[in-house]
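Novice: Dropping the sequence and predicted coords here.
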Amino acid sequence: MKIRYRFVLNGGGEKTFELRFDPKTLALQRDDKKTPPDWTRLDNEKCPNCPLSEAEHPHCPAALSLVDVIEEFKDGISFTEADISIMTEQREFRRRAPLQTGISGLIGVVMATSGCPILAKLRPMVATHLPFANIHETMYRAISMYLTAQYFVYKKGRAPDWDMKDLVKIYDAISTVNRQFSKRLRTIKIEDASLNALVSLDCFAAMTVDSIMDSSLQEIEGLFHAYLQDF
């Protein structure tokens, strides 16, 4: 499986990222031949909820996976306009948007598939990656992913969480990682495009939680009338 992100910047500069994933697990296939920079060390602003040990994992898997992205956009300014295209194996998405908008989607895909045990809960969404999604689309996909996961939990003979109580906990944990990763990036000299891309990811995580907890689900209940008409 492949996803290609392409940025055409003002002035004609171009940056392209070819992401390749294991077709069964969606794990990002990474080339770690070069020595990783110090900011990727696991003990550098390590997430408080990280279950990894520094002895077994000297470097943060999410940081290792983002080295090229952070390096390429180290001079990027958030609101610089760019022509952004994302090519999946099924379709292509195009939009002229601020640089941080495209970087946010790219970082989200890379971090979810990087091997980070916290963000791995988002990995199934990469199979149906939807660039430039709004909060309602993100909420719908997150809930659909979680309830599908609960079906597989049920099929394994364990107790499923049909009330989605643990989904809020998952997104809270993801938000912790996003905020701590921002602190990690602030230990190096970069402009604000990548930092604000992470802030945007965190805002989406927070809004998704809020949507689950308030009446937003009731607003879409009518879409499922065909399933509910006998009740």
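Specialist: Ah, there it is. Numbering: from 1, shown residues only.
Novice: show me the contacts for residue 55.
Specialist: With C-beta atoms under 8 Å, 6 or more residues apart in numbering as the criterion, no residue contacts residue 55. (C-beta placed from N, C-alpha, C; glycine too.)
Novice: Would you quantify the distance from it to residue 42?
Specialist: Going from residue 55 to residue 42 by C-beta to C-beta, to the nearest Å gives 10 Å.
Novice: what's the helix or strand of the chain with the lowest mean pLDDT packed up against?
Specialist: Of all helical and strand segments in the chain, the minimum by mean pLDDT, DSSP states H and E falls on helix 216-219, at a mean of 73. For helix 216-219, the packing partners by 3 or more C-beta pairs under 8 Å, 6 or more residues apart in numbering; DSSP states H and E come out as helix 135-155.
Novice: quick one: buried residues of the helix or strand just after the helix it packs on?
Specialist: Next along the chain after helix 135-155, taking DSSP states H and E as the criterion, comes helix 165-185. Residues 167, 170-171, 173-178, 180-182, 184-185 are the ones in helix 165-185 that count as buried (16 or more other C-beta atoms under 10 Å).
Novice: For residue 74, state which of those residues is nearest.
Specialist: The shortest approach to residue 74 among the buried residues of helix 165-185 belongs to residue 185, at 9.9 Å (C-beta to C-beta).
Novice: Look up how far residue 114 lies from that closest one.
Specialist: 15 Å.
Novice: Centroid-nearest residue for this structure?
Specialist: residue 108 (2.4 Å; C-alpha atoms, centre = their mean).
Novice: Dump the host helix or strand of it to PDB, restricted to CA.
Specialist: In the assignment (DSSP H and E), residue 108 maps to helix 99-112. Extracted in PDB, the C-alpha atoms of helix 99-112 (Å, rounded to 0.1, in the frame of the first residue of the first chain):
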ATOM      1  CA  LEU A  99       1.200  24.500   4.200                       C
ATOM      2  CA  GLN A 100       0.300  23.400   7.700                       C
ATOM      3  CA  THR A 101      -3.000  21.800   6.400                       C
ATOM      4  CA  GLY A 102      -1.100  19.400   4.200                       C
ATOM      5  CA  ILE A 103       1.700  18.700   6.800                       C
ATOM      6  CA  SER A 104      -0.900  18.000   9.400                       C
ATOM      7  CA  GLY A 105      -2.400  15.100   7.300                       C
ATOM      8  CA  LEU A 106       1.100  13.800   6.400                       C
ATOM      9  CA  ILE A 107       2.200  13.800  10.100                       C
ATOM     10  CA  GLY A 108      -1.000  12.200  11.200                       C
ATOM     11  CA  VAL A 109      -0.600   9.300   8.700                       C
ATOM     12  CA  VAL A 110       3.100   8.800   9.600                       C
ATOM     13  CA  MET A 111       2.700   8.900  13.400                       C
ATOM     14  CA  ALA A 112      -0.300   6.500  13.300                       C
END
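Novice: So for that helix, mean pLDDT?
Specialist: Mean pLDDT, computed over helix 99-112, is 94.
Novice: Tell me which residues of that helix come out buried.
Specialist: Buried residues in helix 99-112 (16+ other C-beta under 10 Å): 99-112.
Novice: which one of those is nearest residue 63?
Specialist: Looking across those and measuring by C-beta to C-beta, the closest to residue 63 is residue 111, at 9.3 Å.
Novice: sorry, back to before: in a markdown table, list the buried residues of helix 165-185 along with distance to residue 83 and pLDDT.
Specialist: Formatted as a markdown table, those follow (distance: C-beta to C-beta, whole Å; pLDDT from 0 to 100):
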| residue | distance to residue 83 | pLDDT |
| --- | --- | --- |
| 167 | 35 | 89 |
| 170 | 34 | 92 |
| 171 | 31 | 90 |
| 173 | 35 | 93 |
| 174 | 30 | 93 |
| 175 | 31 | 91 |
| 176 | 34 | 92 |
| 177 | 30 | 94 |
| 178 | 27 | 92 |
| 180 | 32 | 94 |
| 181 | 27 | 94 |
| 182 | 27 | 92 |
| 184 | 29 | 94 |
| 185 | 25 | 93 |
